[in-house]
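Trainee: Got a predicted structure plus its sequence, pasted below:
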Amino acid sequence: MFGISAFELARAQFGFTVAFHILFPAFSIGLASYLAVLEGLWLKTGKQVYLDLFKYWLKIFSIGFAMGVVSGVVMSYEFGTNWSRFAAKAGPVLGPMLAYEVLTAFFLEAGFLGVMLFGMGKVGRKLHFTATCLVAIGTLISMSWILASNSWMQTPRGYTIEPGTGRFLPADWWQIIFNPSFPFRLVHMGLAAFLCVAFSVGAVGAFHLLRDRRNKRRPSEAVRVMFSMAMWMAALVAPLQIIAGDTQGLNTLEYQPAKIAAMEGDWVSKTRAPEILFGIPNMKTETTDYKIELPFAGSLILTHSIDGKVPGLKDFKPEDRPYSPLIFFTFRIMIGLGFLMFALGLLSLFLRWRGTFYSNVWLHRFALVMAPSGFVALLCGWITTEVGRQPYTVYGMLRTTDSVSPIALPGIATSMTAFVIVYFVVFGAGLAFILKLMNKEPGPGETDVDPHAPTRTAGLHPGPAQGHDSRADRRSGAAGQPQPAE
């Protein structure tokens, strides 16, 4: 079929399904924590605006969470159909970790999700807040187990090989779970999830600020608080993510040098290596064409020393090399978006100081354009990580060609066609509904009947306790931006 083998189509199918799946758990992880913060602020301050925002984003969270669960089930199906040899050999190690994820995280989420979604007004405030926090903790635990499993495939430790079968048998669970790449990837992925939500929330806030400005209407306090909180998160987390990415790069250089060489487009190992800003790696000629280089920067960035040695792809056999042309560009897209996030965070801080945070249209347009940036960077980072591990499923130990099931091309093609159709219909409808919810401006209408809202919050107006910069409010009011009564 079009020159594609069953093996290649099986890889494409898994890549397609995991690309859909990873977006929804990342969104759920960050949004669950955001909801816990909103409800905690409401309980602490009694401000109605936090409850309005909680209920506004709770609807969106419920849809994203459901789509994440559904898309994850399909991947389990693929392990049994397309990658049964991998499941048979790595199952003794990975199976228990995935089971622990269900027992410790999914049960926790499922047990308290109903209370979180439908329990407000039926249980006490503290119990409801506890349920929200436990759901948020459950998403983080789930992420930890999944990343421990995937990180073991990147840097396998703590196992023995069963003679005759080639199965990986657990020997030291501490080494298996806390393998060398796990801590770095856990932090990097967690921050990525928070950035996905920060820029999504910020974009929704920016959209409503721009629309209210165009309609010459005063923005609701919920919109202002939402945008403010998102930009604080971006300003804080974006620089932390750059630091986390750098530490993960050092770890990858130590344990997966071929991946680093493919990411950088370097073919010959050298000291005082340049950084290739742009080029087109050519796997046939073993060169990177049309290079634009920054002298000495490759060694300085990768090793933190100008005399550091950077590996080249020619240090490895051709059959052991990752496919450089793909991850060369996905890596650079991820890095470029990371610095744009950092720039937006810095700009927001500067405009807060100038007092034009809520009135500067260019900040709002910038934030709106950056809406998908967290998800695009996440996908590019995941592609870089997973394609960079090739040609292995368990790095250095089990090749991908030895992991695929003995299944014919027509069977994979049939399921692939069905997945594409169903995914675009079902998840397209889910995304359309989420966007419809985001199009509605949050406000008091989010709370029809609130048995827990203290009566003293009625008529309260925004102030510094709600996360606002009163100085910025006064200046932006002076600039002509409509302001709530202080």
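Mentor: Good, I have the coordinates.
Trainee: for the top helix by length along the chain, which positions count as buried?
Mentor: In the chain, taking DSSP state H as the definition, the longest helix is helix 6-45. Neighbour-count burial for helix 6-45, counted by 16 or more other Cβ atoms under 10 Å, picks out 6-7, 9-11, 13-14, 17-18, 20-39, 41-43, 45. Where you see a C-beta, it was placed from the backbone N, CA and C, and this is true even at glycine.
Trainee: Could I get the full set of strands for the chain?
Mentor: 159-161, 168-170, 270-271, 275-282, 287-294, 309-310, 392-394, 398-399 (DSSP state E).
Trainee: so which of those gets nearest residue 250?
Mentor: Across the strands of the chain, residue 250 has its closest neighbour in strand 309-310 (12.3 Å, Cβ to Cβ).
Trainee: circling back: same list (the strands of the chain) but as JSON lines, adding distance to residue 406.
Mentor: Formatted as JSON lines, the strands of the chain follow (distance: least, Cβ to Cβ, whole Å):
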{"stretch": "strand 159-161", "distance to residue 406": "22"}
{"stretch": "strand 168-170", "distance to residue 406": "20"}
{"stretch": "strand 270-271", "distance to residue 406": "43"}
{"stretch": "strand 275-282", "distance to residue 406": "33"}
{"stretch": "strand 287-294", "distance to residue 406": "37"}
{"stretch": "strand 309-310", "distance to residue 406": "40"}
{"stretch": "strand 392-394", "distance to residue 406": "16"}
{"stretch": "strand 398-399", "distance to residue 406": "15"}
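Trainee: Just put those strands in JSON lines and tack on distance to residue 426 and mean neighbour count.
Mentor: Output for the strands of the chain, formatted as JSON lines (distance: least, Cβ to Cβ, whole Å; neighbours: other Cβ atoms under 10 Å):
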{"stretch": "strand 159-161", "distance to residue 426": "38", "mean neighbour count": "15"}
{"stretch": "strand 168-170", "distance to residue 426": "35", "mean neighbour count": "17"}
{"stretch": "strand 270-271", "distance to residue 426": "50", "mean neighbour count": "14"}
{"stretch": "strand 275-282", "distance to residue 426": "37", "mean neighbour count": "17"}
{"stretch": "strand 287-294", "distance to residue 426": "41", "mean neighbour count": "13"}
{"stretch": "strand 309-310", "distance to residue 426": "45", "mean neighbour count": "20"}
{"stretch": "strand 392-394", "distance to residue 426": "28", "mean neighbour count": "22"}
{"stretch": "strand 398-399", "distance to residue 426": "33", "mean neighbour count": "18"}
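Trainee: Present those as a markdown table; the columns should include mean pLDDT.
Mentor: As requested, the strands of the chain are exported to a markdown table (pLDDT from 0 to 100):
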| stretch | mean pLDDT |
| --- | --- |
| strand 159-161 | 92 |
| strand 168-170 | 93 |
| strand 270-271 | 87 |
| strand 275-282 | 90 |
| strand 287-294 | 89 |
| strand 309-310 | 89 |
| strand 392-394 | 93 |
| strand 398-399 | 92 |
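Trainee: out of the ones you listed, which comes closest to residue 95?
Mentor: Each of these has some distance to residue 95 by Cβ to Cβ; the shortest is strand 168-170, at 9.9 Å.
Trainee: Which strands border that closest one, and is each parallel or antiparallel?
Mentor: The pairing partners recorded for strand 168-170 under DSSP bridges are strand 159-161 (antiparallel).
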